[in-house]
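Q: Fold the stuff below for me.
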Amino acid sequence: MDGHMQGMGGMQPAAPSSSSSSSNSSMSMGMGMGMMMHDKMMMHMTFFWGKDTEILFHKWPGGRTGMYAVALVFVFVMALLVELISSTRFIKPGSNHVLAGLFKTVLHVLRVGLAYLVMLALMSFNGGVFLAALLGHALGFFLSAVAFNKPTQDLGFDLPPLSC
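A: Have a look, this model is predicted:
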């Protein structure tokens, strides 16, 4: 077990004591640690580069180059959608206030949900995921504010800006 625990940064289980009740609790703790280490549950706490990462789902993309590219595109599109949803006007003036309020609520939930998913993807600490999210937010902002030629004073968006 000590061979498996070398990468844990000093988090080794306590040595079993001579009493039977302490021995049982130490054994169950050791079994729990063994179960955790069974799937090599190592989480990066600093940025790293490479396709061997997990993004959002267990064993996805799984170190496969094609699936890693799909994951990067997925993060990019989610970040792009966060920006586009934040700065698009879907509701026409004079619409039914109740329906407009419900639609704004749905947009808000969609935007916040996508923003949380982008944030969780960034918690993989993968440099490619970070760059994909930045590029998605940048392109989304560009398309919504610059490419559509909307002056910044009179944007009139349905939702208030997303604050960091």
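Q: and residue 54, what are its phi and psi?
A: Geometry field for residue 54 lists phi and psi as phi -120, psi 130, criterion degrees, to the nearest 10.
Q: I'd guessed residue 45 sits against residue 125; true?
A: Yes. Residue 45 is in contact with residue 125 according to CB atoms under 8 Å; the separation is 6.8 Å. Heads up, the C-betas are built off the backbone N, CA and C, glycines and all.
Q: So which of these two has more stuff around it?
A: Counting neighbours by other CB atoms under 10 Å for residue 45 and for residue 125 shows that residue 125 has the greater number, 14 against 8.
Q: residues contacting the more buried one?
A: Residue 125 is in contact with 44, 45, 46, 47, 48, counting by CB atoms under 8 Å, 6 or more residues apart in numbering.
Q: any idea which of these is closest to residue 144?
A: Minimum separation from residue 144 among the contacts of residue 125 (CB to CB) is found for residue 47, which lies at 28.3 Å.
Q: Wait, that closest one touches residue 130, no?
A: Yes. Using CB under 8 Å as the test, residue 47 is close enough to residue 130 to be in contact (6.9 Å).
Q: domains of the protein?
A: With domains defined by automatic domain parsing, the chain comprises 6-38, 65-154.
Q: Mean pLDDT lowest where, among those domains?
A: With a mean of 47, domain 6-38 has the lowest mean pLDDT of those.
Q: what are the ranges of the helices in this protein?
A: Applying DSSP state H to the chain gives helices spanning 20-38, 65-86, 97-122, 127-141.
Q: got the ones you listed as TSV, with distance to residue 57 and mean neighbour count columns?
A: Conversion of the helices of the chain to TSV gives the following (distance: least, CB to CB, whole Å; neighbours: other CB atoms under 10 Å):
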stretch	distance to residue 57	mean neighbour count
helix 20-38	19	12
helix 65-86	9	19
helix 97-122	10	14
helix 127-141	13	18
